[in-house]
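K.L.:
Have a look; sequence and predicted model below, questions after that.
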Amino acid sequence: MHNRLNQKIGILGGGQLGKMLCQAGSKLGLDITILEKDHSFPAYQVCSSYVCGDITSYDDVMRFGEKMDVITIEIENVNIDALADLEKAGKKIYPPTDALRVIKDKGKQKMFYEGNGFPTSEFELLHGKDELIQLVMNHKLDYPFVQKSRTDGYDGKGVHIVRKNEDLETLLEGPCLVETMVDISKEIAVIVARNPSGEMMTFPSVEMHFHPTANLVEFLFCPSSLTPDEESKVTELAKKLAQKLNVVGLLAVEMFVDKNGEILINEVAPRPHNSGHHTIEACVTSQYEMHLRAILDLPLGSTALIRPAVMVNLLGEEGFTGETLYKGIEDCLKLGGVYPHLYGKKETKPFRKMGHVTIVEKSLDDAIVKAKFVQNHLKVISSNGA
């Protein structure tokens, strides 16, 4: 066990997820090194070691990985060929590259679900927007539908909801998939942790509410409003998917519950996830510590919910681009049970993820009241407008 803690851990990516992984790792005295392009990224503020390099470059990832024992990611847009060669050379790569190749491409994800009997919405893979427009013109595709870029989508980017002809003017470029619009009752996420020994734990499901235009999670709450039977179903589905993908570390599984009560898998992420930020204050073990335990093949911790929680994403306000300023934070800090996490990004842009706030309370209703106060009062602006 002692040797496992002494392993050199490399993380590809230095964003807020990398930052919070480093914070969790410091409690266990872990040796964590970040690979990122420059020092402006959030993880640089807290990591014990930092290497400047491009996570999409084969050479940079190879040079970095050769000095590590265990390599993991905080974003899917990494050089998988380098990771595959490091894997062949005996390095521990988590998630394994086979799983990462499937998950990185939303088209391959959907084909994986369909091919392995996992419930998901109907879809079609397309070469580009011209093919999509042709389907609409030939009445082979009806409104409303969702267009998704097959790769490189994150934080609401790479997703386009099409409800009318005018929406065709802003279609996404490049290979994509189209999905029929699900008549959604609830949007749920379940995070599974799995270590190389096969031990698995799931966090209690969370319910997500999305920003109407940015397509980003505006806030989420835990516990969700699922019935015990539904909770059991989403948990088992997430565990089966983690096993089938052979994921090591975390797998965040986003699902829809439609108006008929049917559960459909939307998409997954093989890393810490926005839907698990609240676990830092609200659960016995945070998702970040759990991911590190899993990739080191340590015993997984308890995922029990200590207190009901609401998580609010802090997005850059519309009309503001420039040096980051936080307006109204003093009013929020006066409230009990309010925990801001400011990512330390120097520049704000409209809808850029700049931080999150977790609110914990004795009851979910009380937490929601405080969360709405935070949403209304804490704003990310800049000294100059857009």
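P.N.:
Thanks, I have the structure now.
K.L.:
got the buried residues for stretch 19-37?
P.N.:
19-25, 30, 32-36 (16 or more other CB atoms under 10 Å). Yep, even glycine has a C-beta here, placed from its N, CA and C like the rest.
K.L.:
out of the residues you listed, which are inside helices?
P.N.:
Taking DSSP state H, the ones among these that sit in helices are 19-25.
K.L.:
if we can go back for a sec, ok, the buried residues of stretch 19-37 vs V182, which is closest?
P.N.:
When the buried residues of stretch 19-37 are compared for distance to V182 (CB to CB), M20 wins out at 30.8 Å.
K.L.:
D85 - that's part of a strand, no?
P.N.:
No - counting by DSSP: H, G, I helix; E, B strand; the rest coil, D85 is not found in a strand; it is helix.
K.L.:
burial measure for the closest residue to it other than its chain neighbours, as a count.
P.N.:
Distances taken as CB to CB, 6 or more residues apart in numbering place M62 nearest to D85, at 6.7 Å, with adjacent residues excluded. Under the neighbour criterion other CB atoms under 10 Å, M62 is assigned a count of 16.
K.L.:
which ones are touching M62?
P.N.:
By CB atoms under 8 Å, 6 or more residues apart in numbering, the contact list for M62 reads 82, 85-86.
K.L.:
for the ones in helices among the buried residues of stretch 19-37, which one is nearest I9?
P.N.:
Distances from I9 to those, taken by CB to CB, are shortest for G25, at 7.1 Å.
K.L.:
Against L172, how distant is I75?
P.N.:
19 Å (CB to CB, to the nearest Å).
K.L.:
again with D105
P.N.:
Distance from D105 to L172, by CB to CB: 15 Å.
K.L.:
so K108 touches D98, yeah?
P.N.:
No - contact criterion CB atoms under 8 Å: K108 and D98 do not qualify, at 10.9 Å.
K.L.:
Where does the prediction get shaky in the stretch 1-150 of the chain?
P.N.:
1-2 (pLDDT under 70).
K.L.:
run the last query once more with 90
P.N.:
1-6, 39-40, 48, 139, 142 (pLDDT under 90).
K.L.:
Helices of that one, start to end?
P.N.:
If DSSP state H, counting those that start in this stretch is used as the criterion, the helices of the stretch 1-150 of the chain fall at 2-5, 16-27, 58-66, 80-88, 97-104, 106-115, 129-137.
K.L.:
So what touches the second one?
P.N.:
For helix 16-27, contacts defined as CB under 8 Å, 6+ apart pick out 9, 11, 32, 34, 36, 41-43, 45-48, 72, 74-75, 271-273, 277, 280, 286, 288-289, 291-292, 341, 343-344, 353, 355.
K.L.:
cutoff 7 Å now
P.N.:
11, 32, 34, 42-43, 45-47, 74, 271-272, 286, 288-289, 291-292, 343 (CB atoms under 7 Å, 6 or more residues apart in numbering).
K.L.:
residues of the host helix or strand of V268 that come out buried?
P.N.:
Using DSSP states H and E, V268 maps to strand 263-269. Buried residues in strand 263-269, defined by neighbour count with 16+ other CB under 10 Å: 263-269.
K.L.:
What's the local residue count around V102?
P.N.:
When neighbours are counted by other CB under 10 Å, V102 registers 19.
K.L.:
can you pull the contacts of it?
P.N.:
Per CB under 7 Å, 6+ apart, neighbours of V102: 108-109, 112, 245.
K.L.:
nearest to H377, of those residues?
P.N.:
Within these, the smallest distance to H377 is 38.1 Å, found for Q109 (CB to CB).
K.L.:
Which secondary structure state does N260 sit in?
P.N.:
Applying three-state DSSP: N260 is coil.
K.L.:
Need the distance between the two termini of stretch 29-48.
P.N.:
Terminal residues of stretch 29-48 are spaced 10 Å apart (CA to CA, to the nearest Å).
K.L.:
Tell me which residues are up against it.
P.N.:
5, 8-16, 18-19, 22-23, 25, 49-55, 60, 64, 68, 292, 343-346.
K.L.:
list the buried ones in the helix ranked longest in the chain?
P.N.:
Counting by DSSP H, the longest helix found in the chain is helix 228-245. Across helix 228-245, burial judged by 16+ other CB under 10 Å covers 230-231, 233-235, 237-239, 241-242, 245.
K.L.:
could you dump these to TSV with distance to G337 and pLDDT?
P.N.:
Formatted as TSV, the buried residues of helix 228-245 follow (distance: CB to CB, whole Å; pLDDT from 0 to 100):
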residue	distance to G337	pLDDT
E230	28	96
E231	24	97
K233	31	97
V234	27	97
T235	27	98
L237	32	98
A238	28	98
K239	31	98
L241	33	98
A242	32	98
L245	36	97
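K.L.:
What is the nearest of those to A309?
P.N.:
Among the buried residues of helix 228-245, E231 lies closest to A309 (CB to CB), at 16.2 Å.
K.L.:
Please name the residues that touch that closest one.
P.N.:
S205.
K.L.:
try 10 Å this time
P.N.:
E231 sits next to 188, 190, 202, 204-205, 223-224 when contact means CB atoms under 10 Å, 6 or more residues apart in numbering.
K.L.:
Just the buried residues of these.
P.N.:
188, 190, 202, 204-205, 224.
K.L.:
Between those, which sits nearest E166?
P.N.:
E166 lies nearest to I188 out of the buried ones among the contacts of E231, by CB to CB, at 31.2 Å.
K.L.:
In contact with the closest one: list those residues for me.
P.N.:
Going by CB under 10 Å, 6+ apart, I188 touches 205-208, 220, 224-226, 230-231, 234, 238, 253-257, 263, 266, 275.
K.L.:
list the buried ones in the helix or strand that contains it?
P.N.:
Assessed by DSSP H and E, I188 sits inside strand 184-194. By neighbour count on 16+ other CB under 10 Å, the buried set for strand 184-194 is 186-194.
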